[in-house]
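Trainee: A predicted structure for the sequence below; I have some questions about it.
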Amino acid sequence: MQIVPKGTTHNATNTLPTVVYAFDGNEIRTVFFNDDPWFIAKDVAEALGYTDTDQAIRKHYCKAAITSPVESTGQVRHMRIIPERDVYRLIFNSRLQSAERFEEWVVAEVLPSIRKRGMFIMGQQKIRTELLDALAENIREKALPALREFDRLTEHDHWLACKNPEKYKRLCQLAIDRVALDYDLPRSVMEAMALTGLRAITEQHLEAA
């Protein structure tokens, strides 16, 4: 299958941009929320043959569903989103023969794709999945040499951390700016690596770029 790139309500400052996939002609929008992949409930429900999304969520005990501002087609709309476990609830109760294929598609293609490039989803518009994957690989290739350069620039400044924390912080920020520019990396990624090392570019720590 080709990849084409009312509970709690969150305010507009936490808008979730979408990454879009296609299953049998159905658009399936996804977001990265709290470090996990979530799905637009309406898209999943329609792909699985449900005519009333809210009723399907209530009937099949999708209790984790929430409403959140979501960036889609250039507009911000409040939409119901559901986590992975609730997607499976809708799959298991679907009457469509394609439900099993939908499950295999979600597990084998969509979830690995989302987790691989979760770092790029927060703060970005809808982007083609091929570009996101290329960006993720580009950052991973540059991460280690960039971190070594940051360590070189700051190796003589660590004594300031206790003696003059403000000055130490300024020097670190300047080093982050310089390395991010020299290595053509998002500043947020470089800042995260300065704090946590290469952990910042593992699958669970890439959502904030």
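Mentor: Now that the structure is in, tell me what you want to look at. Numbers count the residues shown, from 1 in each chain.
Trainee: and residue 154, how many neighbours?
Mentor: Around residue 154 there are 18 other residues, counting by other Cβ atoms under 10 Å. Any C-beta I mention is one placed from the backbone N, CA and C, and that applies to glycine too.
Trainee: pretty sure it contacts residue 173?
Mentor: No - between residue 154 and residue 173 there is no contact under Cβ atoms under 8 Å: 10.5 Å.
Trainee: who's in contact with the one helix or strand residue 54 maps to?
Mentor: Counting by DSSP states H and E, the element that carries residue 54 is helix 53-59. When contacts are defined by Cβ atoms under 8 Å, 6 or more residues apart in numbering, helix 53-59 is touched by residues 41-42, 45-46, 50, 62, 65, 80, 82, 86, 90, 93.
Trainee: out of those, which are buried?
Mentor: For the contacts of helix 53-59, a neighbour count by 16 or more other Cβ atoms under 10 Å gives the buried set as 41-42, 45-46, 50, 62, 65, 80, 82, 86, 90.
Trainee: so how far is the longest helix along the chain off the chain centroid?
Mentor: Longest helix of the chain, by residue count under DSSP state H: helix 129-154. The chain centroid and the centroid of helix 129-154 are separated by 18 Å under Cα atoms, centre = their mean, to the nearest Å.
Trainee: counting by contacts, list what it packs against.
Mentor: Packing contacts for helix 129-154, counted by 3 or more Cβ pairs under 8 Å, 6 or more residues apart in numbering; DSSP states H and E, involve strand 19-23, helix 111-116, helix 165-182, helix 187-196.
Trainee: which of the contacts of helix 53-59 has the weakest pLDDT?
Mentor: Minimum pLDDT across the contacts of helix 53-59 is recorded for residue 62, with 78.
Trainee: between the buried ones among the contacts of helix 53-59, which is nearest residue 29?
Mentor: Closest to residue 29 out of these is residue 42 (8.7 Å), distances taken as Cβ to Cβ.
Trainee: residue contacts, the closest one?
Mentor: Neighbour list for residue 42: 53, 79-80 [criterion: Cβ under 8 Å, 6+ apart].
Trainee: rewinding a little: tell me which of the buried ones among the contacts of helix 53-59 fall in strands.
Mentor: With strands taken from DSSP state E, the overlap with the buried ones among the contacts of helix 53-59 comprises 80, 82.
Trainee: between the buried ones among the contacts of helix 53-59, which is nearest residue 145?
Mentor: The closest of the buried ones among the contacts of helix 53-59 to residue 145 turns out to be residue 82 (Cβ to Cβ; 40.3 Å).
Trainee: need the contact list for the closest one.
Mentor: Listed by Cβ under 8 Å, 6+ apart, the contact partners of residue 82 are 38-39, 41, 44, 57, 62, 64-65, 90.
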